[in-house]
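**Student:** Just to be clear, the model below is a prediction. Sequence and coordinates:
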Amino acid sequence: MKLQCKQCGALLAVTSPDAYISCPYCGARAVVDGYSGSSFFHRPALEEKDVFRLFDPGSVASVSLYWFPYDPDTLARVFTQPYAEMENYSPPSADRRIWDESEVEGTTVPVDPELVGDAGVIYHPFWVAISSSTAQGTMVDGVSGSKLGESPDYSGEASFSPLQEALSAFLTGVAPALLVFFLLKGLSVFLASVLGMVSAFLAPGLWRKLRGAGHE
């Protein structure tokens, strides 16, 4: 629900069933009529100490708790976008409580009057961790513990290439057997085959060692 300030004309977002609302721009108080929506909040699953554990020791200077408003039904954001990584982020559902100023610590992000609906508002907790080296902030979902805007690290995993794997299989399995067969074709076919099979079994281990040495 939106209410226009009679003194300065600003649009005000009504986010609680209080009888009065104060304009943050001019300080004028207005009477709220006909608002049936309620304000809720998701109970955080992470405390301040839990957030520090998500990062390397000494890499975080401080953490602060922020409450971002969302639509209670759709969990669509009803605030002006402050962080790029939150643009397409939808918070998870959690333990829902009635909003109570006495139970909530941290900073409340203002509601955008153009986005809020009649269903009310639900505030979702986010921790902002400030880096000790860069002084930049990382958003951490206070319920799921996920870091916003962080991509999975695949640096330690080898990428899969079908052509490379096929070539590797040929070099380590078929080529040694053929090489032994042609080099020892003066021997019996049976003996050449046995030596070829032995080399085919031994070659993969040697090939992996050579590849591993090349990556070091």
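**Tutor:** The structure has been received and is ready for your questions.

**Student:** In three-state terms, label P113 for me.
**Tutor:** Recorded secondary structure, P113: coil (DSSP: H, G, I helix; E, B strand; the rest coil).

**Student:** mean confidence score for stretch 120-130?
**Tutor:** Averaging pLDDT along stretch 120-130 gives 93.

**Student:** Quick check: buried residues in it?
**Tutor:** G120, V121, I122, Y123, H124, P125, F126, W127, V128, A129 (16 or more other C-beta atoms under 10 Å). Just so you know, the C-beta spots here come from the backbone N, C-alpha and C atoms, and that holds for glycine as well.

**Student:** and if you look at stretch 73-92?
**Tutor:** Neighbour-count burial for stretch 73-92 [16+ other C-beta under 10 Å]: R77, V78, F79, Y83, M86, Y89, P91.

**Student:** And stretch 51-69, by the same measure?
**Tutor:** Quick answer for stretch 51-69 (16+ other C-beta under 10 Å): V51, F52, L54, F55, V60, V63, L65, Y66, W67, F68, P69.

**Student:** what about it, start to end distance?
**Tutor:** End-to-end distance for stretch 51-69: 21 Å, by C-alpha to C-alpha, to the nearest Å.

**Student:** same question for it, mean pLDDT?
**Tutor:** 94.

**Student:** Wasn't E85 part of a helix?
**Tutor:** Yes. E85: assigned to a helix according to three-state DSSP.

**Student:** Quick one: residues contacting the closest residue to it other than its chain neighbours.
**Tutor:** Among residues not flanking E85 along the chain, G149 sits closest, at 3.1 Å (C-beta to C-beta, 6 or more residues apart in numbering). Under the criterion of C-beta atoms under 8 Å, 6 or more residues apart in numbering, the contact partners of G149 comprise A84, E85, T138, M139.

**Student:** Can you read off the backbone torsions of P69?
**Tutor:** Note on P69: its backbone torsions stand at phi -80, psi 140 [degrees, to the nearest 10].

**Student:** ok, it to E114 distance?
**Tutor:** 13 Å (C-beta to C-beta, to the nearest Å).

**Student:** Repeat that for V78.
**Tutor:** 9 Å.

**Student:** got any residues that touch both of those two?
**Tutor:** By C-beta under 8 Å, 6+ apart, V78 and E114 have no common neighbours.

**Student:** Low-confidence bits of this structure, can you list those?
**Tutor:** Counting by pLDDT under 70, the chain contains low-confidence residues at 1-3, 14-21, 29-37, 82, 150-216.

**Student:** can you map out the strands along it?
**Tutor:** Taking DSSP state E as the criterion, the chain contains strands spanning 2-4, 11-13, 20-22, 29-31, 38-42, 60-70, 96-98, 107-108, 120-131, 137-141.
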